[in-house]
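Asker: Have a look; sequence and predicted model below, questions after that.
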Amino acid sequence: MIKRYIYIVSFLAVLSSCTSEKEVVIPMPDYENEPVIECYLQPGRNYRLTLTRSVPYLSESNISEDPNAIVTINYQGSIDTLHYFPHFDTLSGNYYNYYSPKTVPFDFNSSFYLHIIDKNGKEITANTRLIQPVKIDSVEFIYNDRNLSYPQIYFKDNPTTANFYRYMVKRDSLHEAVVTDLITDDKLLESELVVLGGRPRFEPWDPVFIILYHLTREHYEFLMSTREARSANGNPFSQPSQIRSNIKGAIGIFTGLAYDMKVLPATTP
Amino acid sequence: MTNKIFFIFFISLLFITSLSQAQNYKLSGYVKDAGFDFELSGAFIEITNLKKGIYADDNGYFEISLPSDTLHIKVEYLGYKTFQKTIYLNKDYVLNINLEEEGIELEEVEIKGNKVNENILTTQMSVVRITPKEAALLPAFFGEVDLLKTLQLKPGIQSGGEGTTGLYVRGGGPDQNLFLLDNAIVYNPNHLFGFFSVFNPDAVRNIDLYKGDFPANYGGRLSSVVDVTLREGDKNSFKGSGGLGLISSRLTLEGPIVEDKLSFIISGRRTYFDLITNQINRWQEGQPNFSPIPAYFFYDLNGKISWNVTKKDKITLTGYLGRDQFGYTSRNTNFDFDWGNTVSALTWSHYYNENVSSDVTLFYSDYQYNIENRFRTFSFNLGSGIKNYGAKIDYNHKISPRHTIKYGGQALLHDFEIGRFQAGTNNGGVSLGAGTDLGSSEYGIYITDDFIYSTRLRFNTGLRVSGFYNQGQFYSGLEPRISGRYLVQDNISIKASYARMYQYLHLASNSGATLPTDIWYPSTTLTRPQKSDQLAAGISIDLKDNKYSLTNEVYYKWMDRQIDFKDGANLFVNDELENEFVYGRGWSYGNEIYLEKKSGRTTGWIGYTLSWTWRQFDEINDGIKFPARYDRRHDISVVAMHKLSKRVTLTGTWIYGTGNAVTLPIGRMVLFDIPPGQATVVPVYGDRNSFRMPAYHRMDIGLVWKFFRKWGESDLTFSVYNVYNRRNPYFLYFDEEVNANQQSSRFVGKQVSLFPLIPSVTYNFRF
């Protein structure tokens, strides 16, 4: 009997060793670098923007910047220029390289217009509006049998409009890696009250940062397409897709950013 | 309701037919293979002294009216020994003939010059027929004989990827093949994500694959018809066969229920993966960080009852049930994924007289997949499926020595369950749901005329009128089918054909492969039926007294209203699935050469296809045409079988194909908010399918060693897959290598391969 199992296990070992991978030379076509932009308008925060350039996939160089671009944002006819000023946001840890001391107004009805002339003289334009945040109503910690928990949040979805959400959970601080990052629309929701959960990774009393972003449609599509583009590289069953950008003349996103955040200690069971 | 009224009306029309009968002495019977007991359709029964003859029909049946006389009967079928018998006909006479295969005695067989070669005489072109007998000799992947993989060795029929059964026929996608099992539709012909087909070779009599020149009795798919006929059980003696392989075992039993009248055959097979993984899980249970290996198995059951009710009436009942089951259970999680087909068909065949026969079939098909996942208090259930109920009737009427007409029709009711999704917590705090149920009906009537204009010139003209109804939207299509044959000389004919096809059902599949989660979707107001037009021309030559057969065909196929998907389309759970579709066109053209050696100790074939396949969509690639993923410039297959002795047969295959067209990133960028606070590399993709994978080539060899026993015979079949251990590409990707400081150091291209050299052995028996 034992012998039979040894044969079977040997066979399984052969099966599992079937897949192999090796490094290969893939001839690459010429590639022209493109401007890449991220600009998230948060009411009450400064105008900030990241402008970089893409590079050929196999090139040795990493990202390149464009310190000489002319970057302006037009709000109700008032044109504000963002200057080259590389820095990290102390709260989120995000990198920005264009900055204006002016703050984004709490105006959810007007449009904001982005205009950039890059180092090659290329014109880049986009426009967007701010979006209202959606409040987290309550948080409940759910435990598994190893006493690890995850926060389950409750909030209300407006059933009369199409809404898009990003639910993010971090441990200890906003600089740390995400534990849960869920991006969803409200098509599947069967009730106004929405419940989102996560992965049980928290010990009792861990500081838990819970953020619910209310996304614009453009931001949602941009996030989904970047996610799909990343997962398609290495997935034989996926159809690679282009990045869905709302910026003319560049890849990227120009959008309002609205969120509600709660910082809580994970409770004991 | 409207669907059902249409359906009943249509069926009533089909069945209102009356035909006259004639009275005479009849010679009738079946022509079968003596070894495997399958019917030999197209066998020629000649009454040499009266200079009369007839071909056996699709069931191997023949019936001819003759005057009372002494008859010298000769029966011929290519690859079989000629049968001769003299009888005196003074009453109706039933003659069942079992032909023995040629070359079984090892001597090289001399083929007589006047042997009938159906391939030269018929107008039909672009068709491939294989039998399990042929497939059983070829080397097999993990020792599992697979009929669809044998079809992939023929020109114009490509595989989609390493080890898979997907068929890409003359530039068509895998969703454009109509799979029929005794006239019932099979919606997903795959087990194990396409590595094995659902057709158990022990139960199958033969498979005909039409890649063009579609007879008018077929419709509903653009690119091919794969017509699978199950064997009938032996009506005189009880028999069995089966096999023990590395990954599955199978058993077939057949025999008479009422001798000469009523027989059965039942055939089943099952894989062992789950038995092995379950045992390993039991060994490892309780160990720290134990994570169970998921359990997977598939099984299928085929059955057929055949009843010769009278000399003129025959009823057959076919059933198929197949399931794949994948399960994972741990302390907090249950995950179950199962999918499969259920198919049944009931056929009544009636022979009115030597000139008129009919087949009436009622059939049912069902394909479902279901995913159930439970994590503690949260659970979700996801599934899709398609069911149909159908009826068809086919008449075969020889109205004169020059004209044989076929006519009939079919009607189907479809029920679609699309993207059913339900998720929530036990206490109802969370509730998510989606899903759409749709119903539609599909119709087709046809007529064809096989017209012998002269000895040299013969035509087959046909017309199919198809229709489709869904939610107040009705589509119809005229589908002309025309083919002609000119016999240059006894062993050379040239042929040409044109066929139009409509496809009213669409398979939503956003992957490069055919997966069980792909969703069938009906034509709607927005999603119009697909249409194809195919022109083909060819020459067939029999060489060296029919020992060799050479065929060359050139084709051009236009495909309209092809479906692809928007970038980032969500096909999995989506109530508005068709909003994700984009519509375009495709076209394919090429040349196929096929040289076959059909008799002697060494048999086999060489096939070569040179082809181009294109797609064009306004929303993809800025509207510029791009090659289809399975665009394959060169496709070569070489198959050889050599009988070393009565016991031992050596076989080998070699295939070569241009690499698939794929989409790879050409640039990369860094984003800082995906997720926030982390620099993330995101690939930028170039034009659709602008890269080529390296070429695919592989050699397999096999050896069949037969043992003749008192109780029957058995064999050991040895196979070596990928003899020279070629690391063929399965997919390519780019990888980011990081240094010791977890910083990106370089980006490299990588190739993933699936199967190295794999030896296998299977024990088969027959009694």
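Answerer: Sure thing, it's come through.

Asker: And the helices in the stretch 151-269 of chain A?
Answerer: Taking DSSP state H, counting those that start in this stretch as the test, the helices found in the stretch 151-269 of chain A are A:217-232.

Asker: Show me where it dips below the pLDDT cut-off.
Answerer: A:189-190, A:269 (pLDDT under 70).

Asker: List, one by one, the residues from it near chain B.
Answerer: Among all residues of the stretch 151-269 of chain A, those adjacent to chain B (criterion: Cβ under 8 Å from any Cβ of the partner chain) are A:168, A:174-175, A:177-178, A:181, A:187-191, A:195, A:197, A:221, A:223-230, A:232-244, A:251. (Glycine included, C-beta is placed from N, CA and C.)

Asker: B:Tyr210 touches B:Met125, doesn't it?
Answerer: No: with contact taken as Cβ atoms under 8 Å, B:Tyr210 and B:Met125 are classed as non-touching, separated by 9.5 Å.

Asker: Just the buried subset of the residues of the stretch 151-269 of chain A next to chain B, written out for PyMOL, thanks.
Answerer: To isolate the buried subset of these in PyMOL, counting by 16 or more other Cβ atoms under 10 Å in any protein chain shown, use the following:
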select buried, chain A and resi 168+174+175+178+181+188+189+191+195+197+221+223+224+225+226+228+229+230+232+233+234+236+238+239+240+241+242+243+244+251
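
Asker: now the helix or strand hosting A:Ile142, how far from the chain's geometric center?
Answerer: In the assignment (DSSP states H and E), A:Ile142 maps to strand A:138-143. Between the mean C-alpha point of strand A:138-143 and the mean C-alpha point of its chain there is a distance of 24 Å (Cα atoms, centre = their mean, to the nearest Å).

Asker: Looking at B:Tyr210 and B:Met125, which one has more neighbours?
Answerer: Counting neighbours by other Cβ atoms under 10 Å in any protein chain shown for B:Tyr210 and for B:Met125 shows that B:Met125 has the greater number, 26 against 22.

Asker: Now do residue 19, the pLDDT please.
Answerer: As the question left the chain open, I've gone with chain A. In this model, A:Thr19 is scored at 63, pLDDT.

Asker: To clarify, I was referring to chain B.
Answerer: In this model, B:Leu19 is scored at 37, pLDDT.

Asker: just the one 10 residues further on next, same as before
Answerer: Among the per-residue scores, B:Gly29 shows a pLDDT of 84.

Asker: contacting residues for it?
Answerer: When contacts are counted by Cβ atoms under 8 Å, 6 or more residues apart in numbering or on different chains, B:Gly29 touches B:Tyr61, B:Phe62, B:Val94, B:Leu95, B:Asn96, B:Ile97.

Asker: does any part of stretch B:665-685 sit near chain A?
Answerer: Yes: in this structure, stretch B:665-685 sits against chain A according to Cβ under 8 Å from any Cβ; the contacting residues are B:665-685.

Asker: Just give me the neighbour total for B:Asn96.
Answerer: B:Asn96, neighbours per other Cβ under 10 Å, totals 14.

Asker: no wait, B:Leu167
Answerer: Here the count is done by other Cβ under 10 Å, and B:Leu167 has 27 residues near it.

Asker: Distance check, it against chain A.
Answerer: With distances defined as Cβ to the nearest Cβ, to the nearest Å, the gap from B:Leu167 to chain A amounts to 18 Å.

Asker: nearest spatial neighbour of that residue, skipping sequence neighbours?
Answerer: Nearest in space to B:Leu167, with sequence neighbours left out and distances taken as Cβ to Cβ, 6 or more residues apart in numbering or on different chains, is B:Asn177 at 5.3 Å.

Asker: State the number of residues packed around the one you found.
Answerer: Other residues within reach of B:Asn177, judged by other Cβ under 10 Å, total 24.

Asker: partner residues bridging residue 251?
Answerer: All of this refers to chain A. A:Val36 (DSSP bridges).

Asker: oops, I was thinking of chain B
Answerer: Beta-bridge partners of B:Leu251, as defined by DSSP bridges: B:Gly242, B:Gly268.

Asker: is it true that it touches B:Lys239?
Answerer: No: look at B:Leu251 against B:Lys239 with Cβ under 8 Å: they stay out of range, at 11.8 Å.

Asker: tell me the phi and psi of B:Gln176?
Answerer: Recorded main-chain torsions at B:Gln176 are phi -100, psi 20, according to degrees, to the nearest 10.

Asker: Would you point out which residue is most central in chain B?
Answerer: Most central residue of chain B, judged by C-alpha distance to the mean C-alpha position with Cα atoms, centre = their mean, is B:Val226 at 4.0 Å.

Asker: helix/strand/coil for that residue?
Answerer: Local secondary structure at B:Val226 is given as strand here, using DSSP: H, G, I helix; E, B strand; the rest coil.

Asker: tell me the SS of B:Gly161?
Answerer: The three-state assignment at B:Gly161 reads coil, by three-state DSSP.

Asker: residues near it, how many?
Answerer: 23.

Asker: residues touching A:Gly256, list them.
Answerer: A:Tyr40, A:Leu41, A:Gln42, A:Pro43, A:Phe112, A:Thr128, A:Arg129, A:Leu130, A:Ile131, A:Thr216.

Asker: what does B:Lys235 give?
Answerer: With contacts defined as Cβ under 8 Å, 6+ apart, B:Lys235 is in contact with B:Pro256, B:Glu259, B:Asp260, B:Lys261, B:Leu262, B:Ser263, B:Ser306, B:Asn308.

Asker: Quick one, which of those has the minimum pLDDT?
Answerer: Across the contacts of B:Lys235, the smallest pLDDT goes to B:Asp260, namely 85.

Asker: which non-adjacent residue is nearest that one?
Answerer: Distances taken as Cβ to Cβ, 6+ apart put B:Lys235 closest to B:Asp260, at 5.3 Å, once the chain neighbours are dropped.

Asker: got it, and A:Gly256?
Answerer: Counting by Cβ to Cβ, 6+ apart, A:Gly256 lies nearest to A:Leu130, which is 3.6 Å off, once chain neighbours are set aside.

Asker: which ones are touching that neighbour?
Answerer: Contact analysis of A:Leu130 by Cβ under 8 Å, 6+ apart lists A:Leu41, A:Pro43, A:Val104, A:Phe106, A:Asp107, A:Phe108, A:Phe112, A:Gly256, A:Ala258.
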